[in-house]
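# Dropping a prediction and its sequence here:
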Amino acid sequence: MAWEVTRTVRVRLDVPDDRKSDLHATNKKFQYCANRTAEWAWRYPDEDCVTSKSEAENAIYDDLREETDYLHANLVQKAIKRATDDIDNCVDRLADGETTSKPHYDTFSIVYDKRAATYYRDKVSLATVNGRVECEYDLPDNPEGTPHGEYLLNEDYSFATSTVHYDSDADEFYLHAAMERELDGASPEKAEDSRVLGVDCNVDDHIAVTSTGRFVGNADYLNHHRREFEKRRASLQQTGTRSAHLTYQRIGDRFGRWSEDYLHRCSKDLVAEAERHGCTHIAFEDLEQIRERISDGKKFQQWAFRELQAQVAYKADECGIVVETVDPSYTSQQCSKCGCTLEENRDGQHFACLDCSYTANADYNAAKNVARKLAVQLQRGQKSPAGGAFCQYALKSGVMTVNATGVASDTPVSAERESTDKPTASAVGS
């Protein structure tokens, strides 16, 4: 599959002095649209809040265009989307028993996609209330090794929806440019070249567990920081002062950076583990199919899983490793040793097969099943002149090989051979 990675680059804009007022006027109307949308969509506690962008657009888009003297259509749409997205997050927090309130917008932040902005490598053209304004980027003399050189000026990356901000202390405008790159998910042509590291992601305990028995990150630690951030943010929202709102924005940015950095370190560990075991592929469960697992803070958990997978895909691509996803069905219930699939096999973090008596950490067992699923998929899709090509998946005890002549059924366990050239750690099973 193809993976998209996004990197945000902050670059100062050289705005002509006589056009700064146009950007400020545009921001005021953008804020007006967002606040009007929030006012209309926020129904708590009497009714359900409106979280659908299309429903909000159908109800108030025409009025907002007229009330803002026909602000650029796309900016009106982006303001509506910002408000409905924020209210959607508020609804999730209310469902989790957390305190929150109607969103309010009073800081400079305008969302621009390619319909309201034209992005170049050295400048940007922005729609305003008074036509377009062209702003050059203030780039370093030697951008090599900087985010500007690595992403903004890199032709492998393209511009995505970005935001314009204003620093009132410095009287400067900044573009937070979102740069996207699609990673190639092409697989090696020969099955014997394939070795898979399986990864099981979790909302509790460790963030990720690999088929080699490596336990990465701490989901409980990450969730604790999120809950503390939400408490602080709710308190600031209730205060309602401008100072509190500015603090609210700052701690939100700080938590976002902290979360991304934490997941960055986790992703480095996962890619290093794949390299250590000579893997050509890393297998994750398909996020679209595991949503039912995510209950507490589901929006955050979905973001964390997506961010971790995207960061792994980006780093793995630089190492020549392909990241793929597999169907997550029964990975937590199936015995990775004999293939017996029963719900009763798993009890919390403990896995004990009722058929063959194999025991292991439940997440480690699941990670091995994830790895095997991709190894089987890869082997079935490979063509070898000899007709006997192999795909392997990495284990703590060595590797497991899937034979091309024995994977025609849906339960290929008997067609696997395990090489135990490495010691097995009792802490995670064998």
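Thanks, I have the structure now. Numbers count the residues shown, from 1 in each chain.

# so where is the stretch 101-250 of the chain shaky, pLDDT-wise?
Counting by pLDDT under 70, the ranges of the stretch 101-250 of the chain that qualify are 184-193, 237-238, 240-246, 248-250.

# how about the strands in it?
Listed in chain order, the strands of the stretch 101-250 of the chain (DSSP state E, counting those that start in this stretch) span 109-112, 117-119, 123-128, 131-138, 158-159, 162-167, 172-183, 194-201, 208-210, 215-216.

# what's in contact with the longest one?
Right, the one you point to is strand 172-183. By CB atoms under 8 Å, 6 or more residues apart in numbering, the surrounding residues in contact with strand 172-183 are 2-13, 15, 20, 23, 119, 124, 135, 137, 151-152, 154, 156-167, 313-314, 317, 323. Every residue, glycine included, has its C-beta placed from N, CA and C.

# Which positions within it qualify as buried?
Phe173, Tyr174, Leu175, Ala177, Ala178, Met179, Arg181, Leu183 (16 or more other CB atoms under 10 Å).

# from these, which single one is nearest Thr247?
Closest approach to Thr247 among the buried residues of strand 172-183 (CB to CB): Tyr174, at 19.8 Å.

# domain assignment for this protein?
3-183, 191-419 (automatic domain parsing).

# and these, which is most packed in?
Neighbour counts (mean count of other CB atoms under 10 Å) averaged over each of the domains of the chain peak at domain 191-419, with a mean of 19.

# Spit out the contact partners of Trp42.
Applying CB under 8 Å, 6+ apart, the residues near Trp42 are Cys49, Ile87, Cys90, Lys102, Pro103.

# and the first one, what helix or strand is that in?
Element membership for Cys49 (DSSP states H and E) is empty, with no helix or strand holding it.

# so it touches Ala41, yeah?
Yes: with contact defined as CB atoms under 8 Å, Cys49 counts as touching Ala41 (5.8 Å).

# Now the common contact residues for the two.
Between them, Cys49 and Ala41 share these contacting residues under CB under 8 Å, 6+ apart: Ile87.

# which residues touch Ala117?
Contacts for Ala117 (CB under 8 Å, 6+ apart) come out as Val124, Ser125, Leu126, Ala127, Ser162.

# With respect to Phe300, which of those is nearest?
Nearest to Phe300 among those: Ser162, at 22.9 Å, using CB to CB.

# which residues does that closest one bridge with?
Tyr112 (DSSP bridges).

# mind checking the SS state of the residue nearest to Arg115 when sequence neighbours are not counted?
Spatial nearest neighbour of Arg115, chain neighbours left out: Asn74 (4.3 Å); criterion: CB to CB, 6 or more residues apart in numbering. With DSSP: H, G, I helix; E, B strand; the rest coil as the basis, Asn74 sits in helix.

# Confirm for me that Asn74 is in contact with Leu126.
No: in this structure, Asn74 is not within contact of Leu126 by CB under 8 Å, at 11.4 Å.

# Mutual contacts of these two, please.
Ala116.

# Assess the claim that Ala219 and Val209 are in contact.
No: between Ala219 and Val209 there is no contact under CB under 8 Å: 10.7 Å.

# list residues touching both of the two?
In contact with both Ala219 and Val209: Asn202, using CB under 8 Å, 6+ apart.

# so which of the strands of the stretch 101-250 of the chain comes closest to Gly339?
That would be strand 194-201 among those, by CB to CB, at 15.5 Å.

# With just CA atoms, put the closest one into CSV.
Taking Å, rounded to 0.1, in the frame of the first residue of the first chain, the C-alpha atoms of strand 194-201 are listed here in CSV:
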residue,chain,number,x,y,z
SER,A,194,11.1,-11.1,2.2
ARG,A,195,11.4,-11.1,6.0
VAL,A,196,8.6,-9.6,8.0
LEU,A,197,8.6,-7.9,11.4
GLY,A,198,5.1,-8.0,12.9
VAL,A,199,3.9,-5.1,15.2
ASP,A,200,0.8,-5.1,17.5
CYS,A,201,-0.3,-1.7,18.6
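
# Surely Glu67 is in contact with Tyr32?
Yes: if you go by CB under 8 Å, Glu67 and Tyr32 touch, sitting 7.3 Å apart.

# Glu230 and Val91: what is the separation?
Going from Glu230 to Val91 by CB to CB, to the nearest Å gives 14 Å.

# repeat for Asn27
Asn27 sits 27 Å away from Val91, going by CB to CB.

# Gln77 too?
21 Å.

# What is the helix or strand harbouring Ala304 packed up against?
Element membership for Ala304 (DSSP H and E) is helix 298-318. On a contact count with 3 or more CB pairs under 8 Å, 6 or more residues apart in numbering; DSSP states H and E, helix 298-318 meets strand 3-14, helix 73-95, strand 172-183, strand 194-201, helix 219-239, helix 242-276, strand 281-285, strand 322-326.

# Show residues contacting stretch 77-86.
30-31, 33-35, 37-38, 41, 50-53, 56-57, 60-61, 64, 103, 105, 110-113, 116, 161.

# One more: stretch 355-362?
With CB under 8 Å, 6+ apart as the test, stretch 355-362 has contacts from 209, 332, 335-338, 340, 342, 346-353, 427-430.

# now do the same end-to-end measure for that stretch.
16 Å (CA to CA, to the nearest Å).

# Show me what the mean pLDDT comes to for it.
Mean pLDDT, stretch 355-362: 91.

# Pull the distance from that stretch to the chain's centre.
The chain centroid and the centroid of stretch 355-362 are separated by 32 Å, computed with CA atoms, centre = their mean, to the nearest Å.

# Let me know the secondary structure of Gly339.
coil.

# returning to what we had before: the helices and strands packed on helix 298-318 into CSV, with extra columns for distance to Val376?
Below are these laid out as CSV (distance: least, CB to CB, whole Å):
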stretch, distance to Val376
strand 3-14, 21
helix 73-95, 37
strand 172-183, 23
strand 194-201, 10
helix 219-239, 28
helix 242-276, 19
strand 281-285, 11
strand 322-326, 9
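
# and of the ones you listed, who's closest to Ala367?
Ala367 sits nearest to strand 194-201 of all these, at 4.1 Å, using CB to CB.

# Sheet partners, orientation included, of the closest one?
The pairing partners recorded for strand 194-201 under DSSP bridges are strand 208-210 (antiparallel), strand 281-285 (parallel), strand 390-395 (parallel).

# Return the distance of the last one from the chain's centre.
In other words, strand 390-395. How far strand 390-395 lies from its chain's middle: 27 Å, per CA atoms, centre = their mean.

# How about the first one?
Relative to the centre of its chain, strand 208-210 is centred 17 Å away, using CA atoms, centre = their mean.

# so Glu343 makes contact with Gln333?
Yes: Glu343 lies in contact with Gln333 (CB under 8 Å); the separation is 5.5 Å.
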